[in-house]
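Peer 1: fold the following.
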Amino acid sequence: MLDFEGLGDEDLDDPRSASGWRPAAVGPVTGDASGPDGLPLPQERIRRKMQVLVLHGRQSNENLVNFQLAGLKQAMGKDVDVRFLEGDVVWKYVEGVDNHDADPMTISLAKGRDFKLWFTHDTDDSRDRIDFFKMQDPSVKVTYHD
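Peer 2: I've put the predicted structure just below:
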């Protein structure tokens with residue numbers, strides 16, 4: 001578990017902080033410019049589109065996550081290259097394991113493509129409850145498979 005007390009009171013927005021974090025330049029930089037703190041700004045911007053890799057969630061696929069991120073993609077504009085990676089394991093609804101089957105809208109948005117997972121798993125929990133609750137129970141051992 002993350003120990004938030006161990007992080008200290010350092011201001012991560014302050015470029016002079018001990019972590020050394022500082023914001024990147026957001027516009028063209030010329031000459032020997034320096035920021036308000038006197039530290040030099042980066043001299044060059046990356047000369048390519050920003051690349052974003054998107055991994056879908058459980059029981060999803062590229063078509064669904066593309067729909068879910070449509071507003072974000074529009075806000076980022078054409079200068080961003082968005083790539084989607086899809087899991088290899090085909091998901092099929094299993095009564096008593098999954099919370100619910102895919103609803104009609106989700107099936108429509110999937111456009112005939114299978115729903116995918118990234119991995120399969122087993123638990124040592126023999127109680128009759130859906131998998132979601134087993135996986136979040138710290139007393140349950142979960143074993144992951146390719």
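Peer 1: where along the protein do the strands fall?
Peer 2: 50-55, 80-85, 89-91, 115-117, 120-123, 142-145 (DSSP state E).
Peer 1: in its sheet, which strands sit next to the second one, and in what direction?
Peer 2: Same thing as strand 80-85. Pairing partners of strand 80-85, with direction, according to DSSP bridges: strand 50-55 (parallel).
Peer 1: tell me which of the strands of the chain lies nearest to residue 63.
Peer 2: strand 80-85 (9.0 Å; Cβ to Cβ). The way it works is simple: take the backbone N, C-alpha and C, and place the C-beta from them, glycine included.
Peer 1: got a list of contacts for the closest one?
Peer 2: Strand 80-85 is contacted from outside by 49-56, 62, 65-66, 69, 73, 76, using Cβ atoms under 8 Å, 6 or more residues apart in numbering.
Peer 1: can you add distance to residue 106, neighbour count and pLDDT and give those back as a markdown table?
Peer 2: Shown next, in a markdown table, are the contacts of strand 80-85 (distance: Cβ to Cβ, whole Å; neighbours: other Cβ atoms under 10 Å; pLDDT from 0 to 100):
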| residue | distance to residue 106 | neighbour count | pLDDT |
| --- | --- | --- | --- |
| 49 | 30 | 13 | 85 |
| 50 | 29 | 11 | 88 |
| 51 | 28 | 10 | 91 |
| 52 | 23 | 14 | 93 |
| 53 | 23 | 9 | 94 |
| 54 | 17 | 16 | 95 |
| 55 | 18 | 11 | 95 |
| 56 | 12 | 22 | 94 |
| 62 | 14 | 18 | 95 |
| 65 | 12 | 19 | 95 |
| 66 | 13 | 16 | 94 |
| 69 | 15 | 17 | 95 |
| 73 | 19 | 14 | 93 |
| 76 | 24 | 15 | 91 |
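Peer 1: quick check, nearest of those residues to residue 94?
Peer 2: Nearest to residue 94 among these, with distances taken as Cβ to Cβ, is residue 56, at 19.3 Å.
Peer 1: quick one: that closest one from residue 109, how far?
Peer 2: 12 Å (Cβ to Cβ, to the nearest Å).
Peer 1: which neighbours do the two share?
Peer 2: residue 64.
Peer 1: which one of the strands of the chain has the most crowded surroundings?
Peer 2: strand 115-117 (a mean of 20; mean count of other Cβ atoms under 10 Å).
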